[in-house]
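what follows is a predicted structure for the sequence shown.
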Amino acid sequence: MLTGSDRHDMSIGMMDLTRVQRRIARLQRQLLELGPLHPGSITEQYNVCGQPGCRCKDPKKPQKHGPYYQLSFTWQGKGSTRFLRPEQVEPMRQKVTSYKRLRELVKEWVALEIERERAEREKEKRAGGD
Ligand SMILES: [Zn+2]
């Protein structure tokens, strides 16, 4: 049975050097095209307040306050949470998406660099063998 990483290696594996280099160049262009980014995830919250008789504590049909949005992220081992104003939510969603894209691209890049190394050795071996 194949593990996830084995499958990944096979999917890009055994490319010739030119093809690997072309894919790396394309990936670098995609990295440059990334806009503003931010790590983390956005959550939506509804709260109950302390005010007596408020609608949020209605015994029959409580209506909690919200939604409130917050961004949570961990960076260099330190976790942070920030509240977002409604107009900040959409731009932050885009930043969070771009950050995920960055992580995917970097992962792919590293995989391709490992493949480049292999392809270079292969090429040298063939050149030396003749
Ligand atoms: Zn309330």
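Good, I have the coordinates. Quick caveat: nothing in here was measured; it's all calculated off a predicted structure. Numbers count the residues shown, from 1 in each chain.

give me the element the spatially most central residue of the chain is part of.
Residue closest to the mean C-alpha point of the chain, counted by CA atoms, centre = their mean, is residue 100 at 1.4 Å. Per DSSP states H and E: residue 100 is located in helix 86-129.

same for that helix, what does it pack against?
helix 4-12, helix 17-32, strand 41-47, strand 65-75 (3 or more CB pairs under 8 Å, 6 or more residues apart in numbering; DSSP states H and E). Every C-beta, even on glycine, is put in place using the N, C-alpha and C of the backbone.

show me what contacts residue 86?
Residues counted as contacts of residue 86 (CB atoms under 8 Å, 6 or more residues apart in numbering) are residue 69.

pLDDT score for it?
For residue 86, the model assigns a pLDDT of 94.

ok, it to residue 50 distance?
Distance, residue 86 to residue 50, using CB to CB, to the nearest Å: 23 Å.

then residue 89?
Look at residue 89 and residue 50: by CB to CB, they are 26 Å apart.

more crowded one of the two?
It is residue 89, of residue 89 and residue 50, that has more neighbours when counted by other CB atoms under 10 Å, with 15 against 7.

contact residues of this structure facing the ion?
Contact residues (CB under 5 Å from the ion) of the chain with the ion: 49, 54, 56.

do that again at 6 Å, thanks
Contact residues, the chain versus the ion (CB under 6 Å from the ion): 49, 51, 54, 56, 65.

the bottom helix or strand of the chain by mean pLDDT?
Across the helices and strands of the chain, mean pLDDT, DSSP states H and E gives its lowest value to helix 4-12, namely a mean of 47.

sorry, back to before: can you lay out the residues of the chain next to the ion as a markdown table showing distance to residue 110?
As requested, the residues of the chain next to the ion are exported to a markdown table (distance: CB to CB, whole Å):
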| residue | distance to residue 110 |
| --- | --- |
| 49 | 49 |
| 51 | 53 |
| 54 | 53 |
| 56 | 49 |
| 65 | 45 |
